[in-house]
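**Student:** sequence below, structure please.
(one chain, ligands or ions: 1)
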Amino acid sequence: MGDGIANSGTRVLRLLRMFAAAVLLTLVPGFALSQSPRVIEVLADHDSRWRMAGQKDPVITVRAGEAVTLRITAVKAKEYNRNGAIHGFTLLRAKDRSRVPGWDLDLKPGVSEFQMTAPAEPGEYTVVCTVICSGDHEGMHMRFVVLS
Ligand SMILES: [Cu+2]
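**Tutor:** I've put the predicted structure just below:
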């Protein structure tokens, strides 16, 4: 009788342990997924314009220090650089137009992905194209906002 209760207790423990393992196996991949960087899709277009789906006047918004994947599709305008870059993606601080280290990307034709870390300092930034891609090159810029 006493043995019977002890055995059923062990059985319950074993079931609990299996249940806990099943829950962990279910949660861990979801946790890993939620940790992967947010993807920001940008088009560097043939008419020397930055474009983002669903935005008339595109703005990139990130959190300070956020890890993001920049997925940029580049389409050739008129001119390109000797190194094959057809556009460039360079981040400037809006207040003094100084460059943000590590944010100076050469864009080759097609889709490129860049693993980036957002600036630590919240505020207004500007993305400019650093390749003289056409006569409208000077107009190829967009807002970039870093939230605290
Ligand atoms: Cu350009």
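**Student:** all contacts plus neighbour counts: C-alpha atoms, from now on.
**Tutor:** Will do.
**Student:** pLDDT score for the residue of the chain found nearest the ion?
**Tutor:** Across the chain, the shortest distance to the ion (C-alpha to the ion) belongs to His87, at 4.0 Å. With respect to pLDDT, His87 scores 98.
**Student:** tally of neighbours for it?
**Tutor:** His87 has 31 neighbours, counted by other C-alpha atoms under 10 Å.
**Student:** skipping its backbone neighbours, what lies nearest Asp104 in space?
**Tutor:** Leaving aside its chain neighbours, Asp104 sits nearest to Thr90 (4.4 Å; criterion: C-alpha to C-alpha, 6 or more residues apart in numbering).
**Student:** so that neighbour: helix, strand or coil?
**Tutor:** strand (DSSP: H, G, I helix; E, B strand; the rest coil).
**Student:** ok, now Arg17?
**Tutor:** Of the three states, Arg17 takes helix according to three-state DSSP.
**Student:** and Asp106, how far is that from Arg49?
**Tutor:** 16 Å (C-alpha to C-alpha, to the nearest Å).
**Student:** Gly65 too?
**Tutor:** For Gly65, the distance to Arg49 - C-alpha to C-alpha - is 27 Å.
**Student:** okay, now the domains of this structure?
**Tutor:** 1-36, 38-147 (automatic domain parsing).
**Student:** these two touch, right, Ile60 and Arg143?
**Tutor:** Yes. Ile60 lies in contact with Arg143 (C-alpha atoms under 8 Å); the separation is 6.5 Å.
**Student:** pLDDT averaged over the strand or helix carrying Ile40, what's the number?
**Tutor:** Take DSSP states H and E as the rule and Ile40 turns out to sit in strand 38-44. For strand 38-44, the mean per-residue pLDDT is 98.
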